[in-house]
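Asks: The sequence isn't on hand, but the structure is:
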């Protein structure tokens, strides 16, 4: 049996994981190697597996777990008849997923639009009627999208539990964009109905995000 541990030199937990698996490999007569992502071979392997965190464990070339395991958990993973229960472990990257990249890019775009609008409109310091439109580009646009992007990326890394992805993420993004645009245009045009629509869409995006992040914080017992 071949055990490979993917690590990073800046990871504070990797040394502990290496100690556990080096001892487990020695006890069970397994081949053991450490792959550092700072080296070409380790980086290529992490990219191929689309990892989002280290340490990550491969047994006979198959990703079995991420994070630090106890000696008891290592023993469980090394027992072939019980490995299937661990195959559901989700891969969690070192880089942003496409949806999270778009959240961050949208946040930057809204920040620039907010600052440019305040400067060009002359409402950076004055309490102009259009000022709330640009302030909402900052609060709902920049801050909310930045939170969405970073939280979706970081929270699974803290708990090791997967976040709901796919269509839910893009639905959340679409609702959030609708909320920001509805707020901004509603204030600029003086249309209270559109402002309310924007508020509802923004709230719905928060509800979708809460649904996505729920299994990260409170996973279903299995």
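Replies: Arrived safely, thanks for sending. Everything quoted here is computed from the prediction, not taken from an experiment.
Asks: use CA for all of it now, contacts and neighbours both
Replies: Noted.
Asks: what about the chain, any weak spots by pLDDT?
Replies: Applying pLDDT under 70 to the chain picks out residues 80-96, 121-129, 220-222.
Asks: Grab the most central residue of the protein for me.
Replies: residue 153 (1.3 Å; CA atoms, centre = their mean).
Asks: Could you measure from it over to residue 202?
Replies: Distance of residue 153 to residue 202, computed by CA to CA, to the nearest Å: 20 Å.
Asks: picking up where we left off before, I'd like the distance between the residue nearest to the centre of the chain and residue 98.
Replies: Residue 153 is 11 Å from residue 98, by CA to CA.
Asks: So in this protein, which helix runs the longest?
Replies: helix 192-217 (DSSP state H).
Asks: Buried residues, it. List them.
Replies: For helix 192-217, a neighbour-count test (16 or more other CA atoms under 10 Å) marks 194-195, 197-202, 204-206, 208-209, 212-214, 216 as buried.
Asks: so what does it touch, helix or strand wise?
Replies: helix 144-159, helix 167-189 (3 or more CA pairs under 8 Å, 6 or more residues apart in numbering; DSSP states H and E).
Asks: Now do that helix against helix 167-189, angle only.
Replies: 150 degrees (axes from the mean of the first three to the mean of the last three CA atoms, to 10 degrees).
Asks: how big is the angle separating helix 192-217 from helix 144-159?
Replies: Orientation check (the same axes, to 10 degrees): helix 192-217 against helix 144-159 gives 10 degrees.
Asks: In a markdown table, list the helices and strands packed on helix 192-217 along with distance to residue 68.
Replies: Shown next, in a markdown table, are those (distance: least, CA to CA, whole Å):
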| stretch | distance to residue 68 |
| --- | --- |
| helix 144-159 | 12 |
| helix 167-189 | 28 |
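Asks: Those helices: which one's closest to residue 11?
Replies: Closest to residue 11 of these is helix 144-159 (CA to CA; 12.5 Å).
Asks: Now tell me what touches the closest one from outside.
Replies: 52-53, 92, 96-97, 99-104, 106-107, 162-163, 176, 209, 213, 216-217 (CA atoms under 8 Å, 6 or more residues apart in numbering).
Asks: Over to stretch 196-205?
Replies: So stretch 196-205 is contacted by 171-183 (CA under 8 Å, 6+ apart).
Asks: Can you give the distance of that stretch from its chain's centre?
Replies: 23 Å (CA atoms, centre = their mean, to the nearest Å).
Asks: How about stretch 104-113?
Replies: With CA atoms, centre = their mean, you get 18 Å for stretch 104-113.
Asks: Okay, buried residues for that stretch please.
Replies: 104-108, 110-111, 113.
Asks: Which ones among those residues map onto helices?
Replies: Counting by DSSP H, the part of those found in helices is 104-108, 110-111, 113.
Asks: Adding distance to residue 38, write those out as CSV.
Replies: CSV is the format used below for these (distance: CA to CA, whole Å):
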residue, distance to residue 38
104, 25
105, 27
106, 30
107, 30
108, 29
110, 34
111, 34
113, 38
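Asks: now, which of these sits nearest residue 29?
Replies: The shortest approach to residue 29 among those belongs to residue 104, at 46.3 Å (CA to CA).
Asks: Wait, a strand at residue 34?
Replies: Yes. The assignment for residue 34 is a strand, going by DSSP: H, G, I helix; E, B strand; the rest coil.
Asks: Go ahead and report the secondary structure state at the nearest residue to residue 18 once chain neighbours are set aside.
Replies: Excluding its sequence neighbours, the residue lying closest to residue 18 (CA to CA, 6 or more residues apart in numbering) is residue 5, at 7.1 Å. Under three-state DSSP, residue 5 falls in the strand class.
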